[in-house]
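1. Structure, please.
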Amino acid sequence: MQVTIQELARAIGAEAEGDVGLHITGAAEPSDAGPTDIALAMSPKYAEMLGKGRARAAMLWPGADWRALGLEAAIFAPRPRMAMVGITAMMDRGQWVEPGIHPSAVIDPSATIEADCAIGPLAVIGARAAIGAGSVIGPHCTIGMDAVIGERALLREMVSVGARVRIGNRFIAQPGARIGADGFSFVTPEISGVEKVRKTMGDQGELRAQSWLRIHSIGAVEIGDDVEVGANSTIDNGTIRNTVIGDGCKLDNLVHVGHNVRTGRDCLFCGQSGISGSVEIGNNVVLGGQVGVVDNIFIGDGVIAAGGTKILSNVPKGRVIMGYPAVKMESHTEIYKTQRRLPRLARDIEALKKAVFKSGSSD
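-> Residues are numbered from 1 along each chain as shown. Alright, predicted model coming up:
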């Protein structure tokens, strides 16, 4: 792909100076940039790296002296990460699946595939499934019976979408994503030790060995518009009601969403976060990496959980939490500072004990 500096600046709504007719074919970090790349040096701390590359043009911070940096042209980005949205969209060459249906794909005659779809090698599409217009189904993907996928979806390699799953428009699934597996629901014929402990928050009492019986998942998964699911992430079917992922939610790699979970819109779940069954999540909730959420609780709108947080109880809207168990971030910071002081406090107490006992023995 080849664009001019002016075209790129116009596309991202930024100002450009210098030789705005200069053509570029890619984007690169400053030290790696070649003559046809635009170097991404959107902060002064990256300026010195420009000299190690061969870029003629760069994306710079507002007010930067591009001439002093030896450049022929520059684009100025007031919000660097927002600028990255436009740049990466223009430069992305995609993963490319040939238009049309590959001869090795297996498609049930009752399935519906709308116009301009691309179905990759060895894909399998089940009975009565429906694929929206302009969608790309990558190699080795599996779409279950009665599943519905909206328009302009992109399913990368080896994605599976289970039976009865319903997905909105512009869905993106990275390699190995699994949508619509059965939920993890089991029960014992009599009250188990787990149930007793949950009720008493104490000892389970008399041990009684029992086998686990499977509760089937007769619900499915509903996913809204503009949702993205990362590589090897999983969203389980509901037990009776459907598991629901709201519009605009983004799931990182290795995220698990348990059965019956319902999320609002525009949530962000970072890598290795896990949400247990029947959790209700509001809008614009952010879970950092390796956040764990216990089952059957509520998380309000706008909650932010720092990485590694373990959420064991309801969280009111707007709260920023951290730690295990989760508390307000400022409370966790104070607790951590106190923990850091514990060795010194222990030494001080030991010294005081010695002083007191020595004083007492001399009387």
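2. any weak-confidence spans in this protein?
-> In the prediction, the chain carries residues with pLDDT under 70 at positions 360-363.
3. For stretch 178-187, which residues meet the burial criterion?
-> Neighbour-count burial for stretch 178-187, counted by 16 or more other C-beta atoms under 10 Å, picks out 178, 179, 180, 182, 183, 185. C-betas here are computed from N, CA, C, even on glycine.
4. Beta-bridge partners for the second one, please?
-> Applying DSSP bridges to residue 179 gives these bridge partners: residue 161, residue 235.
5. and it, how far is that from residue 214?
-> Noted for residue 179: a distance of 21 Å to residue 214, by C-beta to C-beta, to the nearest Å.
6. and if you look at the first one?
-> Going from residue 178 to residue 214 by C-beta to C-beta gives 19 Å.
7. repeat for the last one
-> With distances taken as C-beta to C-beta, residue 185 is found 7 Å from residue 214.
8. ok, residue 29 touching residue 49?
-> Yes. Contact criterion C-beta atoms under 8 Å: residue 29 and residue 49 qualify, at 7.2 Å.
9. which residues of the stretch 251-363 of the chain fall in strands?
-> If DSSP state E, counting those that start in this stretch is used as the criterion, the strands of the stretch 251-363 of the chain fall at 256-257, 262-263, 268-269, 274-275, 280-281, 286-287, 292-293, 298-299, 304-305, 310-311, 320-322, 327-328.
10. Pairing partners for the fourth one, with directions?
-> When you say that, I think you mean strand 274-275. Neighbouring strands of strand 274-275 in its sheet, by DSSP bridges, are strand 256-257 (parallel), strand 292-293 (parallel).
11. Check the longest one too.
-> Note on strand 320-322: by DSSP bridges, its sheet partners are strand 304-305 (parallel), strand 327-328 (antiparallel).
12. Adding distance to residue 191 and mean neighbour count, write these out as a markdown table.
-> Converted to a markdown table, the strands paired with strand 320-322 look like this (distance: least, C-beta to C-beta, whole Å; neighbours: other C-beta atoms under 10 Å):
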| stretch | distance to residue 191 | mean neighbour count |
| --- | --- | --- |
| strand 304-305 | 32 | 22 |
| strand 327-328 | 32 | 14 |
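13. Between these, which one is closest to residue 9.
-> strand 304-305 (33.3 Å; C-beta to C-beta).
14. List the contacts of the closest one.
-> When contacts are defined by C-beta atoms under 8 Å, 6 or more residues apart in numbering, strand 304-305 is touched by residues 285, 286, 287, 288, 291, 311, 315, 319, 320, 321, 322, 326.
15. Of those residues - the most surrounded one?
-> Neighbours here mean other C-beta atoms under 10 Å. Within the contacts of strand 304-305, the largest count is held by residue 287, at 27 neighbours.
16. Isn't that one up against residue 279?
-> No. Judged on C-beta under 8 Å, residue 287 makes no contact with residue 279 at a distance of 10.7 Å.
17. Show me the common contact partners of these two, please.
-> Taking C-beta under 8 Å, 6+ apart as the contact rule, residue 287 and residue 279 both touch residue 293.
18. where's the closest residue to residue 151 other than its chain neighbours relative to residue 177, distance?
-> If the residues on either side of it in the chain are set aside, residue 151 comes closest to residue 132, at 3.7 Å by C-beta to C-beta, 6 or more residues apart in numbering. Residue 132 sits 18 Å away from residue 177, taking C-beta to C-beta as the criterion.
19. do residue 16 as well
-> Distance check for residue 16 against residue 177: by C-beta to C-beta, it reads 38 Å.
20. More neighbours: which of the two?
-> Taking residue 16 and residue 177 together and counting by other C-beta under 10 Å, residue 177 has the greater number of neighbours (25 against 22).
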